[in-house]
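> Quick one, fold the following:
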Amino acid sequence: MSFLSFLQKQYLKKYSGLVNANRFNAIECQQKTFSSLINTAKNTSFGKEHAFNKLNNYNDFKDAVPLRSYNDFKIYIDRILNKEANVLWTGLPSFFAKSSGTAGNPKLIPVTNEFLRSTQFAALYMLNNLSRQLNSTSFMGSCVLTLGDQQELEKINGFLCGAISSIKMHNRPAFTKHFSFPNNTIKNIKGAEEKITFIIQNMQEKNIKTIVALPVYLSHFLQEFELQTKQKFKDAFANCSVAFLSGMNCEPYENLLRNHLGNDILLMENYSATEGNFAYQVQPNSKGMELICNQGVFYEFIELENIYQQNPERLSLKDVKSSKHYSIIISANNGLWAYVMNDLVEFTSTQPYRLIVKGRLNDIFSPFGEHMLPIQAEQAIAETCKQLHQILVDFTIIPDFNHSPFRYKFYTAFENPTHNYSEFSVILHQQLSLHNSYYDDLAKTGAITYPEILNVSNDFFISLNADKPGTIHAQQKITHLVSDKEKVEKLRNIFKQYDVDCN
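A predicted model of the protein is given here:
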């Protein structure tokens, strides 16, 4: 063991007790977190309005604090931006995390010092857990490739604002900067493709063992690396053993990532958002992320079938069950209270509490009454690609109402495009039926038929969500299921710019 690995292992050991408490005493951890949040915020404006000093238990909290979306918090956030202290949390936040939001409307989420510490614990839990499983910290090594957005923060009313990833990097412990590549100078290059080229040109002598990135951006980077260097990443950096992935389900991209990083790469997902870091993958190559219950977030859940009721029943963690779909609600040390995350989760285990993210509530795809979840479509196409040895770059689905019977249009980009789209369509149809019972019922009655597969270039997906066509940013996510009429029309207009090969 190198001296560096020894130091890293000793440093991570001190978090073992917290990891174990979280894993084996989650309910007790949640009770302590709840009490701490309420007690800290009882003298804030929000705490006084909702009589926090009179709340004795969770049932009191549910009665006093209604569910809220971001728009409901906007009046409080505007007060904070006007430098009013003690509104949602004690004092003033250190930063504001800026997010475009799923609907495209910018969100400004307060970032307190307590919140920043909580996000750091999430990363430390993941590293501690993996080092214990591998009985080594050699995967951390001396260089971590961190593919993120530029680190420059803008000022809004005197507050520093930016992507939450940029704020976390700005506030990371000083010693970690010695292990991270690229540095801020490279990260602050404004042109996305220019920045990627500069990273590739300056990384050749690095001993990269770990990667931190979003799946979409990493996929694009790996393809660019091969294009520019004429070799795959795994051949240039044989010591790279772990990729920490966040922001979205990596399953559709797994074949591509393994093709470039090697079949032995450990793909470790975590559940993070602008509003917080909530869970991390415990076992390599096994689905199910462990909920972080003792670091500043109190969770509530609403069963999927109750979501659209006027006053849906809210459940604490102890009442959730495995294999059911829940909307997740958070109250946290950034000043969000009973905040509707709009994410849909399913617990794979309740001893300990581990979950998978099924998608966003407003991404449930039901143009024909099938209630397709994003993860169901992602799993279906991932399995189809495995059967046909296809390496998927990305995909998006829209409904085809003009065809009789109805069908899906799959816009797909492959590294090695198939010429047998009929076979791909047949297997994909079967997989969609396996993963979604409503789709299966529609298929059996003949109401829906084999999807149409349309092969497009990689640039097609880069253009979908980018501010400027042909560009990509580190936090970019692809919407895989699109049924909104305006978005479908936008997709078709972009589609016209590309040559399409279909069958």
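> for stretch 317-324, what is the average pLDDT?
The predicted model assigns stretch 317-324 a mean pLDDT of 94.
> Report the buried residues of that stretch.
By neighbour count on 16 or more other C-beta atoms under 10 Å, the buried set for stretch 317-324 is 317, 320. (Each C-beta comes from the backbone N, C-alpha and C, glycine too.)
> where does that stretch sit relative to the chain's centre, distance-wise?
Mean C-alpha position of stretch 317-324 versus that of the full chain (C-alpha atoms, centre = their mean, to the nearest Å) differs by 21 Å.
> With stretch 58-70 instead?
26 Å.
> what comes up buried for it?
Of the residues in stretch 58-70, 58, 61, 62, 65, 67, 68, 70 count as buried by neighbour count, 16+ other C-beta under 10 Å.
> would you turn those residues into CSV with distance to residue 194, secondary structure and pLDDT?
Below are the buried residues of stretch 58-70 laid out as CSV (distance: C-beta to C-beta, whole Å; DSSP: H, G, I helix; E, B strand; the rest coil; pLDDT from 0 to 100):
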residue, distance to residue 194, secondary structure, pLDDT
58, 51, helix, 97
61, 50, helix, 97
62, 51, helix, 97
65, 47, coil, 97
67, 44, coil, 97
68, 41, strand, 96
70, 33, helix, 94
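> now these in CSV, with distance to residue 211?
Formatted as CSV, the buried residues of stretch 58-70 follow (distance: C-beta to C-beta, whole Å):
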residue, distance to residue 211
58, 40
61, 40
62, 42
65, 40
67, 37
68, 36
70, 31
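> Closest to residue 221 out of the residues you listed?
residue 70 (30.6 Å; C-beta to C-beta).
> Check the gap between that closest one and residue 116 for me.
Distance from residue 70 to residue 116, counting by C-beta to C-beta, to the nearest Å: 20 Å.
> can you pull the pLDDT of the most centrally placed residue in the chain?
By C-alpha atoms, centre = their mean, the mean C-alpha position of the chain lies nearest to residue 247, the distance being 1.7 Å. Looking at residue 247, its pLDDT stands at 73.
> How about the contacts made by residue 304?
If you count contacts by C-beta atoms under 8 Å, 6 or more residues apart in numbering, residue 304 has them with 324, 325, 326, 327, 344.
> Which ones among those map onto helices?
Counting by DSSP state H, those place none of their members in helices.
> Distance to residue 24 added to those residues, as JSON lines?
Shown next, in JSON lines, are these (distance: C-beta to C-beta, whole Å):
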{"residue": "324", "distance to residue 24": "23"}
{"residue": "325", "distance to residue 24": "26"}
{"residue": "326", "distance to residue 24": "22"}
{"residue": "327", "distance to residue 24": "26"}
{"residue": "344", "distance to residue 24": "27"}
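> Now that we have the residues you listed, which of them are buried?
Counted by 16+ other C-beta under 10 Å, the contacts of residue 304 give 325, 326, 327, 344 as buried.
> For beta bridges, what are the partners of residue 349?
Following DSSP bridges, residue 349 is listed with bridge partners residue 354.
> ditto for the one 10 residues further on
Each beta-bridge partner of residue 359 is listed here: residue 344, as defined by DSSP bridges.
> Relative to residue 64, how far out is it?
Distance of residue 359 to residue 64, computed by C-beta to C-beta: 31 Å.
> low-confidence ranges in the stretch 301-450 of the chain?
418 (pLDDT under 70).
> hmm, I was thinking of the stretch 1-150 of the chain
1-6, 100-105, 141, 149-150.
> Swap in 90 and give it another go.
Scanning the stretch 1-150 of the chain for pLDDT under 90 picks out 1-16, 98-107, 117, 119-124, 126-127, 129-150.
> What ranges does it have for its strands?
95-99, 107-111, 144-146 (DSSP state E, counting those that start in this stretch).
> So which bits of the second one are buried?
Applying a neighbour-count criterion of 16+ other C-beta under 10 Å, one finds 107, 108, 109, 110, 111 buried in strand 107-111.
> ok, back up a step: can you tell me which of the contacts of residue 304 comes closest to residue 132?
Using C-beta to C-beta, the contacts of residue 304 come closest to residue 132 at residue 326, 29.0 Å.
> That closest one and residue 302 touch, don't they?
Yes. Between residue 326 and residue 302 there is a contact under C-beta atoms under 8 Å: 6.3 Å.
> which residues are common contacts for those two?
Residues touching both residue 326 and residue 302 (C-beta under 8 Å, 6+ apart): residue 315.
> now, the most widely separated pair of the buried ones among the contacts of residue 304?
Greatest spatial distance among the buried ones among the contacts of residue 304 (C-beta to C-beta): 325 and 327, at 8.1 Å.
> Are there residues contacting both of those two? Which ones?
By C-beta under 8 Å, 6+ apart, the residues touching both residue 325 and residue 327 are 304, 344.
> Against residue 281, how distant is residue 349?
With C-beta to C-beta as the criterion, residue 349 and residue 281 are 13 Å apart.
> nope, residue 240 is what I meant
From residue 240 to residue 281 the distance is 18 Å (C-beta to C-beta).
> Among the strands of the stretch 1-150 of the chain, which comes closest to residue 400?
Using C-beta to C-beta, the nearest of the strands of the stretch 1-150 of the chain to residue 400 is strand 95-99, at 32.2 Å.
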